[in-house]
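Participant: sequence and predicted structure are below.
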Amino acid sequence: MNREEAEARLGSFQEQLGKAAARGKAEYDRLFDSGPPGLGAHEIDADKKFVRVNAEELRLLGYTEKELLGRPVFDFIVMSEVSQRAIEKKLTGAVEIRPFVRAFRKRDGSAVTMLLLDRHLKNAKGEITGICSVMTPIDSSAPERK
């Protein structure tokens with residue numbers, strides 16, 4: 001799968017999640033937990049900590065839910081300082097959300113390059129309370145799309 005195809009899959013999954021959320025928590029939960037093969041998903045709160053992760057992401061990274069929940073997401077990202085600054089900007093709404101690449105540290109210590117697409121999580125007042133990220137492995141040797 002090339003980057004354009006991966007972006008399309010991630011965009012479609014985020015769109016489905018958004019529509020499911022509008023229809024109710026039960027439908028959102030079902031879709032989040034049983035997303036398409038090869039697409040991981042997680043949610044972080046305003047403290048940048050994992051509050052939810054689906055089984056596919058656990059499989060892709062090799063962790064258990066217990067190992068991730070409550071921990072800062074950037075603890076599992078290779079360039080954690082860059083990631084932390086980017087997440088802070090996203091949580092304030094200061095940057096446009098678009099697909100991006102990050103290398104995640106797997107449980108076995110190896111790194112896997114992921115293409116991610118975020119979506120803001122908001123409360124009833126429309127305030128950003130967290131981020132839902134969907135991700136899929138990509139070939140890190142493939143050229144970046146401008």
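Facilitator: It's in.

Participant: on the pLDDT front, check Ala20 for me.
Facilitator: On pLDDT, Ala20 comes in at 95.

Participant: looking at this, it is in a helix?
Facilitator: Yes: the assignment for Ala20 (DSSP: H, G, I helix; E, B strand; the rest coil) places it in a helix.

Participant: I'd guessed it sits against Ser34; true?
Facilitator: No: contact criterion CB atoms under 8 Å: Ala20 and Ser34 do not qualify, at 11.1 Å. The way it works is simple: take the backbone N, C-alpha and C, and place the C-beta from them, glycine included.

Participant: for those two, indicate the residue with more neighbours.
Facilitator: Using other CB atoms under 10 Å as the criterion, Ala20 and Ser34 rank with Ala20 on top: 17 against 10.

Participant: secondary structure element for Leu116?
Facilitator: If you go by DSSP states H and E, Leu116 is part of strand 111-122.

Participant: what packs against the strand or helix carrying Glu7?
Facilitator: Assessed by DSSP H and E, Glu7 sits inside helix 3-23. For helix 3-23, the packing partners by 3 or more CB pairs under 8 Å, 6 or more residues apart in numbering; DSSP states H and E come out as helix 25-33, strand 111-122, strand 128-137.

Participant: gap between the residue lying farthest from the centre of the chain and Asp29?
Facilitator: For the chain, the C-alpha farthest from the mean C-alpha position belongs to Lys125; by CA atoms, centre = their mean, that distance is 23.2 Å. Applying CB to CB, to the nearest Å, the value for Lys125 to Asp29 is 22 Å.

Participant: can you say which helix or strand has Arg59 in it?
Facilitator: Per DSSP H and E, Arg59 falls inside helix 55-61.
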